[in-house]
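Colleague: need a structure here:
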Amino acid sequence: MIRDSTNNGFFTKTLKIYSFMHHSCVHGNTFTYPLLLKSCANLLSIPHGTMLHGHVIRLGFQADTFVQTSLVDFYSKCSVIESARKVFDEMPQRSVVSWNALISAYCHESMMDKALGLLKEMLVFGFEPSSSTFVSILSGFSSNLNSFEFLWQGMSIHCFVIKLGLVCFEVSLDNSLMGMYAQFGQMDEARKVFDFMDEKSIVSWTTIMGGYVKVGSSVEAVKLFNEMRRQNIGMDFIVFVNLVSGCIQLRELLLASSVHSLVLKCGCHQEDTIENLLITMYARCGNLTSARMIFDLIVGKSVLSWTSIIAGYARSRHPKEALDLFRRMVKTEIRPNGATFATVLSACADLGSLCIGEEIEQYVFENGFETDLKIQTSLVHMYSKCGNINKAREVFERVQNKDLTLWTSMINSYGIHGMGNEAISLFEKMTTAEGIKPDAIVYTSLLFACSHSGLIEDGLKYFKSMQTDFGITPTKEHYTCLVDLLARVGQLDLALDTIEAMPTDVQADALSPLLSACRIHGNIELGELVAAKLLDVSPKSSSSYVSMANLYNSVGRSKEANTMRSMIDGKGMVKERGWSQVQVSG
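Modeller: As a prediction, this is how the structure comes out:
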């Protein structure tokens, strides 16, 4: 009865049966107690487990490896690591399963040094690790992404399992190897493991697909999905989570619609996660009608459903509609979470609505989210975009434990308001007094601030220091800020030299601000040269023709300006619209 109830997942019933046995003075045997301890582990019932431990001691099962291993496993799964280690150390005889149970416990608690130490001890005592040993260790490495030291250790484990002959024959181990490499973004290594597998499970396919989506290579994920279909491999819920997430990155409406059809065909469309991802997918593909239709069809809308559709409108430059949806949401029984507030505050910033932003801040405080860093960061951004830099600074200063994102938001806010010196001062405080290591994003904000304040020497200094001091490779955003900085102070030739030294794929983004600067400084000759280069690298952009037309107009050459504008129509291009919003009243 105990075996049947445990195997069927009726763990509480198992303990009740044992209680009846115990009161009837019927004792368990070497097979009973492992089943009972398994039930306690699944229920996370430490009191029942420790009571059984006492019974085990009284009945003399201290030397029973099977029972003692079950105790180690019970304490491990209940996160009572000290007790698990104590039982393990007192075992007169151990099996590979005993070692695995404790190693798994250390890995689950991210105590990787102890797990690796136990692995070495296991080898010293002559025990050969099994695939389960390495599955636990590799899973532990995957959950410690903050240290690339674990990647190197994981690669060493990979070499070891090859030496033991376990690779390509143990599917669960191969999946763990792939998962470890994928978590660290090492998709070439993950793909090698995948391609060499003799047998692949559905987990193998979802792991490699998820890895490609994680690193932004969604095209590869789609190719793998198509290969799965060719091989008639059954699809599960996780396959479609990965596939829809890939479509969100690719933003191709035709592909998105095809994937949606497959989701409907496989019956996964009513899963909460899939529904919310479909809303985001259509919104990112620019089809808010389909996104809204999916949202409206959801019967039991969750906070994720509301946040997904609100974010869809906010990111598609429909802040008013996003705020209207938020007002509808708060009238229901669903309460907003941190992500909802951050999204709505972003919509307020885009709308330029200071009063609505203040209302939402009050709502944040009333609902106990005043310590949420993501919300505080969004408040800084909102107040800055709505023109109240003092309020943005006030929000920033009241946060006790600031993270890098919050510092970046405040530095960017100073940049928006042309307060370059304040941005530099705050950056120096962050890196020196607080000891926070900057990343590429905060340097973009800093260079932006230098550019908008004409601080050319400081901008050049920080552009160089981010590479020499922190090993950050410049992105197109950094190059664009640098060119904008040089162009604003009239260093047009130096700006062009800087662009020509850039990688070709980022030159178009940097040429545009230089062309605008040529108009401001009336440099027709250089403007024509820049326009020619811009049209060469970005021939389908109407903004280049518009900028050149404006340049000709600024020096009274209307004939050339009209020629440029007529070329937009002649080439079938559409002039890109600019837009802005500001709160007029209220």
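Colleague: The stretch 351-500 of the chain: strands as residue ranges?
Modeller: Shown for the stretch 351-500 of the chain, no strands are assigned by DSSP state E, counting those that start in this stretch.
Colleague: Okay, helices next: where are they in it?
Modeller: 354-366, 373-385, 389-398, 404-416, 420-428, 440-452, 456-468, 476-488, 492-500 (DSSP state H, counting those that start in this stretch).
Colleague: other SSEs contacting the third one?
Modeller: What it means is helix 389-398. Helix 389-398 sits against helix 373-385, helix 404-416, with contacts defined as 3 or more Cβ pairs under 8 Å, 6 or more residues apart in numbering; DSSP states H and E. C-beta: built from backbone N, CA, C; applies to glycine.
Colleague: What mean pLDDT does the last one get?
Modeller: Okay, so that is helix 404-416. Throughout helix 404-416, pLDDT has a mean value of 96.
Colleague: what sits up against it?
Modeller: 373-374, 376-377, 380-381, 383-385, 389, 392-393, 396, 399, 420, 422-423, 426-427, 430, 434, 436-439, 441-442, 445-446, 448-449, 451-453 (Cβ atoms under 8 Å, 6 or more residues apart in numbering).
Colleague: Return the set of buried residues in it.
Modeller: Within helix 404-416, the residues scored as buried using 16 or more other Cβ atoms under 10 Å are 406-416.
Colleague: And stretch 332-347, by the same measure?
Modeller: Per 16+ other Cβ under 10 Å, stretch 332-347 contains these buried residues: 334, 336-337, 339-347.
Colleague: how about TSV for the helices and strands packed on helix 389-398, with distance to S258 added?
Modeller: Below are the helices and strands packed on helix 389-398 laid out as TSV (distance: least, Cβ to Cβ, whole Å):
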stretch	distance to S258
helix 373-385	34
helix 404-416	36
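Colleague: Next one: the closest residue to G246 other than its chain neighbours from T475, what distance?
Modeller: Once flanking residues are discounted, G246 sits nearest to S218: 3.4 Å by Cβ to Cβ, 6 or more residues apart in numbering. In this view, S218 and T475 are 20 Å apart by Cβ to Cβ, to the nearest Å.
Colleague: Among these two, which residue is more densely surrounded?
Modeller: More crowded of S218 and T475, by other Cβ atoms under 10 Å: S218, with 23 against 16.
Colleague: you'd agree that one is up against V244?
Modeller: No. If you go by Cβ atoms under 8 Å, S218 and V244 don't touch, sitting 10.3 Å apart.
Colleague: Please produce JSON lines containing the helices of the stretch 351-500 of the chain, extended by distance to L278.
Modeller: Below are the helices of the stretch 351-500 of the chain laid out as JSON lines (distance: least, Cβ to Cβ, whole Å):
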{"stretch": "helix 354-366", "distance to L278": "27"}
{"stretch": "helix 373-385", "distance to L278": "24"}
{"stretch": "helix 389-398", "distance to L278": "35"}
{"stretch": "helix 404-416", "distance to L278": "28"}
{"stretch": "helix 420-428", "distance to L278": "40"}
{"stretch": "helix 440-452", "distance to L278": "29"}
{"stretch": "helix 456-468", "distance to L278": "39"}
{"stretch": "helix 476-488", "distance to L278": "31"}
{"stretch": "helix 492-500", "distance to L278": "41"}
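Colleague: now for these, which one comes closest to R229?
Modeller: helix 476-488 (36.4 Å; Cβ to Cβ).
Colleague: Determine the angle, from 0 to 180 degrees, between the closest one and helix 492-500.
Modeller: Per axes from the mean of the first three to the mean of the last three Cα atoms, to 10 degrees, the angle that helix 476-488 makes with helix 492-500 is 170 degrees.
Colleague: re earlier: for the residue nearest to G246, what are its contacts?
Modeller: For S218, the contacting residues are 212, 245-247, 249-250, by Cβ under 8 Å, 6+ apart.
Colleague: neighbouring contacts of stretch 259-278?
Modeller: Residues outside stretch 259-278 that contact it (Cβ under 8 Å, 6+ apart): 235, 237, 240-241, 243-245, 247-248, 281-282, 290-291, 294, 298, 302, 304-305, 308.
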